[in-house]
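K.L.:
here's a sequence, model it:
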Amino acid sequence: MADNFVDLRSDTVTRPTPGMREAMAAAEVGDDVYGEDPTVNALETEVAALFGHEAALFAPSGSMANQIALQLLVPPGDELLCDADAHVVTYEIGAAAAYGGISSRTWPAVGADIDPETVAGMIRPDGYFAVPTRAIAVEQTHNRGGGGVIPLSTLRELRRVSDDAGVALHCDGARIWHAHVADGVPLIEYGRLFDTLSVCLSKGLGAPVGSLVVGSRDKIERARLIRKRMGGGMRQAGILAAAGRYALAHHVDRLAEDHAKAARLAEAVAPFGVLATTVRTNLVPLDLTKHALDARSLAAAARAEGVLISVLGPRTARLVTHLDLDDAGIDRATKVLTKVLSA
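P.N.:
Residues are numbered from 1 along each chain as shown. The predicted model follows:
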């Protein structure tokens, strides 16, 4: 996108920083399909340790990482439970069914505000012609839930529910780094609650591509086969892994800056009655149900003034802060959004 736009569509629009580019250029590489790329191996070891698991697997995308994890946990024909707005059933184009043969059932979309007892009541055991539940998936932070952070107490209760029922628990942790910074929960504390996690390096952290599946050594050995089957085997991927390692070293703590910028945007739009929920991280959800503009009209008017936003539905839009958005960009976006919403 042209540099004269303030881009609030996503935190995936960032470009590698000079330091990250230097790390990529200097990366030691090998053939990762043979397990011989030292930079990929180092990234996988580092991320596994951050979450207190035995192993991790570098994948090209968050969707692939999620779908690999789900196939590890749910055999074909069996069931996954998640919320109705979960990324794994909303934005991954039916991959769980298409590639894993996985049946899914959802509880009403409430973002990060999950009732563990509702989830417990949905779990189906093995039985006469019933589709047995094999895993529960949650999203931390929650994308369509406005970047909401699932409280640690809720996750612990979900772990109890899954243990009692003998089902697995997966975390779509695309923005788990934001939850870690917002709530101060150590990554290893999150990690010990889940059988598998997917964590993203290109949402918020500024890497150009890449996510990891995190789990036990046995699971990750199986995950390598699934990744290859899905076309995700990469060769000299250390160039990309180096960007991820740089991001982990330099771009996690700074997420607090993105959260503060999002809070500024939220404060600016709040008087117009379009703020959908309390802003905790770097996502600012807009509910235009009671506003004269619909989401596409708002986006078009903002674009005409040099500000790009995401349209999530007829009356739903989203603003996202990120590494490439400076204070001047926030000032400009605030001015434009205030003008458009008050017109």
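K.L.:
centre-most residue in this structure?
P.N.:
Nearest residue to the geometric centre of the chain (CA atoms, centre = their mean): residue 174, 2.2 Å.
K.L.:
what sits against the residue nearest to that residue when sequence neighbours are not counted?
P.N.:
Excluding its sequence neighbours, the residue lying closest to residue 174 (CB to CB, 6 or more residues apart in numbering) is residue 200, at 4.2 Å. The way it works is simple: take the backbone N, C-alpha and C, and place the C-beta from them, glycine included. Residue 200 makes contacts with 62, 65, 173-175, 210-211, as judged by CB atoms under 8 Å, 6 or more residues apart in numbering.
K.L.:
from residue 167, how far out is the residue of the chain most remote from its centre?
P.N.:
The outermost residue of the chain relative to its centre, with distances by CA atoms, centre = their mean, is residue 128 at 36.4 Å. Distance from residue 128 to residue 167, counting by CB to CB, to the nearest Å: 19 Å.
K.L.:
what do you get for residue 39?
P.N.:
36 Å.
K.L.:
please say which of the two ends up with more neighbours.
P.N.:
residue 39 (26 against 23; other CB atoms under 10 Å).
K.L.:
which SS class is the closest residue to residue 273 other than its chain neighbours?
P.N.:
In this structure, residue 273 finds its nearest non-sequential neighbour in residue 290, 5.7 Å apart by CB to CB, 6+ apart. When classified by DSSP: H, G, I helix; E, B strand; the rest coil, residue 290 comes out as coil.
K.L.:
so what's the residue count around residue 290?
P.N.:
Neighbour count for residue 290, taken as other CB under 10 Å: 9.
K.L.:
also residue 23?
P.N.:
Count around residue 23 with other CB under 10 Å applied: 22.
K.L.:
so which helix or strand takes in it?
P.N.:
According to DSSP states H and E, residue 23 maps onto helix 18-25.
K.L.:
buried sites along that helix?
P.N.:
Using 16 or more other CB atoms under 10 Å as the test for burial, helix 18-25 gives 20, 23-24.
K.L.:
on the C-terminal side of it, identify the next helix or strand.
P.N.:
Assigned by DSSP H and E, the successor of helix 18-25 is helix 38-50.
K.L.:
send the alpha carbons of whatever helix or strand comes next after that following helix over as PDB?
P.N.:
Remark: after helix 38-50, the chain's next helix or strand is strand 55-59, criterion DSSP H and E. Output of strand 55-59 as PDB, limited to C-alpha atoms (Å, rounded to 0.1, in the frame of the first residue of the first chain):
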ATOM      1  CA  ALA A  55       9.100 -29.200  20.600                       C
ATOM      2  CA  ALA A  56       7.800 -26.800  17.900                       C
ATOM      3  CA  LEU A  57       7.400 -26.800  14.200                       C
ATOM      4  CA  PHE A  58       7.800 -23.800  11.800                       C
ATOM      5  CA  ALA A  59       5.000 -23.400   9.300                       C
END
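K.L.:
strand 55-59 pairs with which strands?
P.N.:
With DSSP bridges as the test, strand 55-59 is paired with strand 211-215 (antiparallel).
K.L.:
for the helix or strand just after the partner strand, enumerate the helices and strands it packs against.
P.N.:
Per DSSP H and E, strand 211-215 leads on to helix 217-229 as the next helix or strand towards the C-terminus. Secondary-structure packing of helix 217-229 (3 or more CB pairs under 8 Å, 6 or more residues apart in numbering; DSSP states H and E): strand 55-59, helix 62-73, strand 211-215.
K.L.:
what about this structure, any weak spots by pLDDT?
P.N.:
1-2 (pLDDT under 70).
K.L.:
the helix holding residue 23 versus helix 38-50: what angle between them?
P.N.:
120 degrees (axes from the mean of the first three to the mean of the last three CA atoms, to 10 degrees).
K.L.:
just the CA coordinates for helix 18-25, please, in CSV.
P.N.:
Only the C-alpha atoms of helix 18-25 are listed here, as CSV (Å, rounded to 0.1, in the frame of the first residue of the first chain):
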residue,chain,number,x,y,z
PRO,A,18,16.4,-2.7,9.0
GLY,A,19,17.7,-4.9,11.9
MET,A,20,15.4,-7.7,10.9
ARG,A,21,16.5,-7.5,7.3
GLU,A,22,20.1,-7.7,8.4
ALA,A,23,19.3,-10.8,10.5
MET,A,24,17.6,-12.4,7.5
ALA,A,25,20.5,-11.6,5.2
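K.L.:
what helices and strands are in contact with that helix?
P.N.:
For helix 18-25, where contacts count as 3+ CB pairs under 8 Å, 6+ apart, the packed elements are helix 238-250.
K.L.:
now do the helices in this structure.
P.N.:
18-25, 38-50, 62-73, 87-90, 95-100, 116-122, 152-165, 176-183, 187-191, 217-229, 238-250, 255-269, 295-304, 327-342 (DSSP state H).
K.L.:
what residues of the second one count as buried?
P.N.:
Think helix 38-50. Buried-residue list, helix 38-50, by 16+ other CB under 10 Å: 39-44, 46-50.
K.L.:
what's the span of stretch 55-69, first residue to last?
P.N.:
Distance between the boundary residues of stretch 55-69 (CA to CA, to the nearest Å) amounts to 13 Å.
K.L.:
ignore what I typed, I meant stretch 72-84.
P.N.:
With CA to CA, one end of stretch 72-84 sits 21 Å from the other.
K.L.:
re earlier: quick one: the residue farthest from the centre of the chain from residue 122, how far?
P.N.:
18 Å.
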